[in-house]
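A.B. asks: Attaching a predicted model along with its sequence, questions to come.
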Amino acid sequence: MEDHFPHMIPKHCEVCKKVDGLLRCGACKTYYYCSREHQTADRPTHKTTCKTIKGSKEKIDEEEARLRARAAGDDGLPPNVLEAHGGRLWLWTPARPYLHAMFVHGEMLIRSWRQQGIEDALTLYLSVLQKNTTDNQGVRHHIPALYMRLGRNQEAYDFLKAWGLQFMGRPEASAPDDARPAYQRLKNAHPAEEVDLWTGRFLDLPLVSSVQLVKVRLLIGLQGLLAFRKGLPHGAPVPPARDILADVRGKCCDDIFDRMPEEYADVDLITKKCDDINRQLNELFVAVGKYNKHFWPMMLHPEERDFSTRSHGFLHGSREEAHLAFTCTYSAWCETPMALQTVRASFAAGEE
Ligand SMILES: [Zn+2]
Ligand SMILES: [Zn+2]
């Protein structure tokens, strides 16, 4: 079913798919062409999207100019408000339309389905988070999936863990000698670690769905490594994970295996890790199922693939909350080969 869902389109000419010597559309800066001829040929198709993306970017610039003008006048704002916010820009009410414009532009970039759009949305949302560290806007819900869609699984997991610690009020969320927020500080957390951070009574559902996906990617990658290792003649050198998983590069945590080649070269160790992760995934599915009964049915049977409605002010366990998590993470799940099939299989096994 997920094959009918659009996948992220890499940087290539929109017309002939050539990848060399590309020109970037100067208006939206999101689409690529090999030549002026092909850009002109694609214009009728691209026009509407191009204008939407360009328009939402211009809105940010307008709001920034308005904010700077207000700050320069006598409006209770420091004159250099955009430089001196200290991560608390949201507290200055006149700055909110600017932050909102950034949020909306990110949505437009994500909906381009283009790799360039995904990269730019990630950069933009990380900058929004720096301006508004308490994140009342919820950009954190989108960021892990964006990382994963770009094959940056370790960064996705580090980001998730930092917010998980914060959400659960764990002492590790703050460091006495480092004032940076946890998500900027935490590096190289182990994605095979236990899941107790994510199985409490209240869940930040889009984040938990992203943790599930990191683990599913890890499991699929490990299974790929295991199958390869078992077929390898005795004593033959083991190639790096990135070569073994080349056909799904970036989608199966090969960035993580690359960093720890010894750990992922031992057949017994891989087998044990697969068992561990299977168990953890099971714990996560049980926790999510208890917390919000709408989420997994929505992911597995997404009749309404509506990404244009934004979910706000939802209640714990509600359909709206499930829809938010769906909107933020579904594309990343679909772009992971076998991920939803893996979930479907464990659901079927659980129902027996
Ligand atoms: Zn072309
Ligand atoms: Zn364009």
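C.D. replies: Perfect, thanks for sending it. Numbers count the residues shown, from 1 in each chain. Ligands and ions are numbered 1, 2, ... in the order given.
A.B. asks: The protein against ligand 1: which residues are in contact?
C.D. replies: Taking C-beta under 5 Å from the ion, the part of the chain that reaches ligand 1 is made up of 13, 15-16, 18, 34, 38. No exception for glycine: its C-beta is placed from N, CA and C like everyone else's.
A.B. asks: Of these, which belong to helices?
C.D. replies: His38 (DSSP state H).
A.B. asks: got the residues of the chain next to ligand 1 as JSON lines, with distance to Asp258 columns?
C.D. replies: Below are these laid out as JSON lines (distance: C-beta to C-beta, whole Å):
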{"residue": "Cys13", "distance to Asp258": "30"}
{"residue": "Val15", "distance to Asp258": "35"}
{"residue": "Cys16", "distance to Asp258": "33"}
{"residue": "Lys18", "distance to Asp258": "29"}
{"residue": "Cys34", "distance to Asp258": "32"}
{"residue": "His38", "distance to Asp258": "36"}
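A.B. asks: Filter the residues of the chain next to ligand 1 down to the buried ones.
C.D. replies: Buried by 16 or more other C-beta atoms under 10 Å: 13, 15, 34, 38, out of these.
A.B. asks: In those residues, find the pair that's most separated.
C.D. replies: Greatest spacing in these, by C-beta to C-beta: Val15 and Cys34 (7.4 Å).
A.B. asks: In the protein, where is pLDDT below threshold?
C.D. replies: For the chain, the stretches flagged by pLDDT under 70 are 1-4, 74-75, 303-313, 349-352.
A.B. asks: how about the helices of it, start to end?
C.D. replies: Under DSSP H, the chain gives helices at 36-72, 96-110, 115-131, 143-149, 153-167, 182-185, 205-230, 241-244, 254-259, 267-291, 295-300, 319-334, 339-351.
A.B. asks: same for the second one, what does it pack against?
C.D. replies: Using 3 or more C-beta pairs under 8 Å, 6 or more residues apart in numbering; DSSP states H and E as the contact test, the elements touching helix 96-110 are helix 36-72, helix 115-131.
A.B. asks: how about the shortest one: buried residues?
C.D. replies: Think helix 115-131. 115-122, 124-126, 128-129, 131.
A.B. asks: for the first one, same thing?
C.D. replies: Along helix 36-72, these residues count as buried under the neighbour rule (16+ other C-beta under 10 Å): 38-39, 42, 46, 49-50, 53-54, 56-57, 59-60, 63-64, 67-68, 70-71.
A.B. asks: what is the orientation angle of that helix with helix 96-110?
C.D. replies: Following axes from the mean of the first three to the mean of the last three C-alpha atoms, to 10 degrees, one obtains 160 degrees for the angle between helix 36-72 and helix 96-110.
A.B. asks: Helix 36-72: how far from the chain's middle?
C.D. replies: Computed by C-alpha atoms, centre = their mean, to the nearest Å, the chain-centroid distance of helix 36-72 equals 24 Å.
A.B. asks: who in the protein is up against ligand 2?
C.D. replies: 25, 27-28, 31, 50.
A.B. asks: give me every residue that touches the nearest residue to Arg140 once chain neighbours are set aside.
C.D. replies: For Arg140, ignoring the flanking residues on the chain, the nearest one in space by C-beta to C-beta, 6 or more residues apart in numbering is Trp163 at 5.5 Å. Applying C-beta atoms under 8 Å, 6 or more residues apart in numbering, we find Trp163 in contact with 140, 182-183, 204, 207.
A.B. asks: same deal with Pro261?
C.D. replies: 240-241.
A.B. asks: Tell me who's in contact with the closest residue in space to Ala265 that isn't next to it in sequence.
C.D. replies: Nearest non-adjacent residue to Ala265, counting by C-beta to C-beta, 6+ apart: Val238, 5.1 Å away. Residues in contact with Val238 (C-beta under 8 Å, 6+ apart) are 229, 232, 265.
A.B. asks: How about the second one, nearest residue that isn't a chain neighbour?
C.D. replies: Put plainly, it is Leu232. Per C-beta to C-beta, 6+ apart, closest to Leu232 is Val238, 6.8 Å.
A.B. asks: One more: the first one?
C.D. replies: Leaving aside its sequence neighbours, Arg229 sits nearest to Val267 (C-beta to C-beta, 6+ apart; 5.3 Å).
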